[in-house]
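Participant: Quick one, fold the following:
(2 chains)
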Amino acid sequence: MFRLSDKPVINTVANLVTVAVCMFAFVFVVMVPLYNVLCDALGINGKTSGQSYTAVQAQVDESRTVTIQFIANNNEGMPWEFAPSTTVMKVHPGAVNGTVFLARNPMPNAMVAQAIPSVSPSRAAQYFHKTECFCFNQQPLDGESEAELPLQFIVDQDLPRDIGTITLSYTIFDVTDMVGAAVVAR
Amino acid sequence: MGDHHHGPAKGLSRWLFTTNHKDIGTMYLWFSFCMFILGGTFAMIIRAELFQPGMQLVEPEFFNQMTTLHGLVMVFGAIMPSFVGLANWMIPLMIGAPDMALPRMNNWSFWILPPTFLLLASTLFMEGGAPQAGWTFYAPLSTTYAGPSVTYFIFCIHVLGLSSIMGSINIIATVMNMRAPGMTYMKMPLFVWTWLITAFLLVAVMPVLAGAVTMMLMDVHFGTSFFSAAGGGDPVLFQHVFWFFGHPEVYIIILPAFGVVSQIIPAFSRKPLFGYDSMVYATASIAFLSFIVWAHHMYTVGMPVSGELFFMYATMLIAVPTGVKVFNWVSTMWRGALTFETPMLFSIGFLVLFTIGGFTGLMLSIAPSDFQYHDSYFVVAHFHYVMVAGAVFSMTAAVYYWLPKWCGRMYNETMGKTHFWISFIGFNLTFFPQHFVGLAGMPRRIPDYALQFADFNMMSSIGAFIYGASQILWLYNIIATIVAGEKIDKPKVWDGAEGLEWTVPTPAPYHTFETPPKIDPAHAHS
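Facilitator: Numbering: from 1, shown residues only, chains lettered A, B, ... in the order given. Next up, the predicted model:
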């Protein structure tokens, strides 16, 4: 049976406890960041880059037309009116395009929203570059007021040939409680 | 140490303060049986509701609590502790050790379990009810939409994880340091081998589950957004973290079961186990592969095709070492002098039904067709073939096989065989039709269903009641054996059985192998 002088048992236990602690840390320091990095790098899950894209000088490919569809959704309990100003655009790869989404806060109090984009098919996400997007920041809006939320984007010339339609969907979340009153008052 | 030869202490304090591996094993086994009955009761409520289409007995919210608790109680309360109990009882006896390496921690890892399950069961009576997000508790169902009981649930999972990790560390420390002289690794009985590998899996993945529920806790109470898209997180991340734990978890459940039948089939075939070495390597291969296949549970989340292909091929690869095992068991029986006592019947039942569950697993591993099977009753049928007919049948076989050694009395063979046949018929009647309704589109975890599924569901429910009732017969048989079974005193209860546990007197004395046994170097593994 185990005695304090029993070196091999103590070593085994110490090693195993280390493994267990490392696996717990592994979840936070490896799995979560790795997941986010992979989603960013590969554009999987339809996640587009959270950073604005610096446009590079490129030829506009006039020979090709890509249909862009816009969808707006409210997360559960989000009372804002939120809609794209146009639902469909036809664009050429390489060209800079702009549109706006319309948001209105019907509540009496100021609120803060965060829009989360998603691109379908998810393969297209890495070819859909946003030079300006309201989703890069949180959107504060006073009570009973409205705003136009701008979006500028470029479709990459390298977009695979078989993709003719890209759907960009935004879901708007109420993050007022998360950011606290400081931002609301701004 | 003069106090080494005392018998057990008297009264309740014996069980509360015991550090004896046999006492702790017994407590684990009885506790898991209680949980088996509790989880079974939840299953009976589910099947009673599904007996006919339409809302019959319970509210949908309560139905969801039943499916959730049934899964949690069966996985973490019944199957896992039952095998830990078996490990406690048998591993020191099989490797010639006087006790587990860390007896005090052993006591603790058992005694934190009952209060934890009491707490989990008490959530049923809380405002908002028990957790209802399923045993896989996907975010955001388990975070944004969870009732207040989710905090208790998270605490329970933390404590269960702690208990499992302590139990596993104990098993590894015992197997690595306490083997009798001459008991080399490749002479260990296969049950010890499978548990050693299982324990490593547990140490590696229980912390991952703890991490997942810690993130849930932070999302629910501390304003983080690991799984909330609004704050930049992603609910799909939860599924990856969960199944990174969850897939090794299914092998944690089944590997000790493999070990058990690898002991029993040779005993009643009166032949040594065929392909011992390949069994060890197959077990290790399955354990390794279990870490790289987790996303086959989530083919429908929208992974890139390359990801689907990787997880599909890796999953199919598991069929190879598993096939080796099934081949070895069948080859062990080939031209053996077979007899069909109850442990052997349950082992053969395991072999046949687990293989069916393995085949449906292969069907599910095919990514393109999984889109149809996903979250349907086909999945329910598949994992009950491997969990019930796999793990529970093998555990039942283990109890019949070693019960005479534990208590020095023989169980009633006729009642045992009756238990087997009722279980076998009841089980298949319950779960075989679920393949059909699943393929036809009946979704899991829904309290109502379309009319065309009515007949098969009624069959399923009748089968479930039969299977459930047969476990009462088992309980009666066990109690009757302990109280008034026919006494036996020969060390080798089964004439074909091999292994050190059959060299100690029957019933096994309170202390065994205080001086290590001599292992015949020429003798092959037991």
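
Participant: is it true that residue B:490 touches residue B:505?
Facilitator: No. With contacts counted by CB atoms under 8 Å, residue B:490 stays clear of residue B:505, the gap being 9.1 Å. All C-beta spots, glycine's among them, are computed from the backbone N, C-alpha and C.

Participant: which helix is the longest one in chain A?
Facilitator: helix A:7-26 (DSSP state H).

Participant: Now that helix: buried residues?
Facilitator: Buried residues in helix A:7-26, counted by 16 or more other CB atoms under 10 Å in any protein chain shown: A:9, A:10, A:12, A:13, A:16, A:19, A:20, A:23, A:24, A:26.

Participant: In JSON lines, list these along with pLDDT.
Facilitator: Putting the buried residues of helix A:7-26 into JSON lines (pLDDT from 0 to 100) gives the following:
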{"residue": "A:9", "pLDDT": "90"}
{"residue": "A:10", "pLDDT": "91"}
{"residue": "A:12", "pLDDT": "93"}
{"residue": "A:13", "pLDDT": "94"}
{"residue": "A:16", "pLDDT": "95"}
{"residue": "A:19", "pLDDT": "95"}
{"residue": "A:20", "pLDDT": "96"}
{"residue": "A:23", "pLDDT": "95"}
{"residue": "A:24", "pLDDT": "95"}
{"residue": "A:26", "pLDDT": "94"}
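
Participant: Sort out which one of those lies nearest residue B:93 for me.
Facilitator: residue A:9 (19.0 Å; CB to CB).

Participant: And that closest one, how far from chain B?
Facilitator: The spacing between residue A:9 and chain B, counted by CB to the nearest CB, to the nearest Å, is 5 Å.

Participant: you'd agree that residue is up against residue B:100?
Facilitator: No. Taking contacts as CB under 8 Å, residue A:9 lies outside contact range of residue B:100: 10.4 Å.

Participant: list the residues that contact both of the two?
Facilitator: The contact sets of residue A:9 and residue B:100 overlap at residue B:173 (CB atoms under 8 Å, 6 or more residues apart in numbering or on different chains).

Participant: By mean pLDDT, flag the weakest helix or strand of chain A.
Facilitator: helix A:181-185 (a mean of 44; mean pLDDT, DSSP states H and E).

Participant: re the thing from before, give me the packing partners of the longest helix of chain A, helices and strands only.
Facilitator: If contacts are counted by 3 or more CB pairs under 8 Å, 6 or more residues apart in numbering or on different chains; DSSP states H and E, helix A:7-26 sits against helix B:150-177, helix B:190-221.

Participant: and of these, who's closest to chain A?
Facilitator: The minimum distance between chain A and the helices and strands packed on helix A:7-26 falls on helix B:190-221, with 3.0 Å, by CB to the nearest CB.

Participant: is chain A contacted by the closest one?
Facilitator: Yes. Helix B:190-221 is in contact with chain A by CB under 8 Å from any CB of the partner chain, via B:203, B:204, B:205, B:206, B:207, B:208, B:210, B:211, B:212, B:214, B:215.

Participant: how about the nearest residue to residue B:46, chain neighbours excluded?
Facilitator: Closest residue in space to residue B:46, ignoring its immediate chain neighbours: residue B:66 at 5.2 Å, by CB to CB, 6 or more residues apart in numbering or on different chains.

Participant: ok and the helix or strand hosting that neighbour relative to helix B:150-177, angle-wise?
Facilitator: Per DSSP states H and E: residue B:66 is located in helix B:60-72. Here helix B:60-72 runs at an angle of 10 degrees relative to helix B:150-177 (axes from the mean of the first three to the mean of the last three CA atoms, to 10 degrees).

Participant: And helix B:60-72, what's buried?
Facilitator: Those would be B:62, B:63, B:64, B:65, B:66, B:67, B:68, B:69, B:70, B:71, B:72, for helix B:60-72 by 16+ other CB under 10 Å.

Participant: doesn't residue B:58 make contact with the residue nearest to residue B:46?
Facilitator: Yes. Residue B:66 lies in contact with residue B:58 (CB under 8 Å); the separation is 7.3 Å.

Participant: outside of stretch A:72-89, which residues touch it?
Facilitator: Under CB under 8 Å, 6+ apart, the answer for stretch A:72-89 is A:67-71, A:97, A:99-107, A:111, A:113, A:141, A:146, A:148, A:169-174, B:229-230.

Participant: Which ones among those lie within strands?
Facilitator: A:67-71, A:97, A:99-105, A:111, A:113, A:141, A:146, A:148, A:169-174 (DSSP state E).

Participant: which of those residues are buried?
Facilitator: A:68, A:70, A:99, A:101, A:103, A:105, A:111, A:113, A:141, A:169-174.

Participant: Determine which two of the residues you listed are furthest apart.
Facilitator: So, these by CB to CB: farthest apart are A:68 and A:111, at 28.3 Å.

Participant: From the buried residues of helix B:60-72, pick the one nearest chain A.
Facilitator: Among those, and counting by CB to the nearest CB, the member closest to chain A is residue B:64, at 18.2 Å.

Participant: Cheers, nothing more for now.
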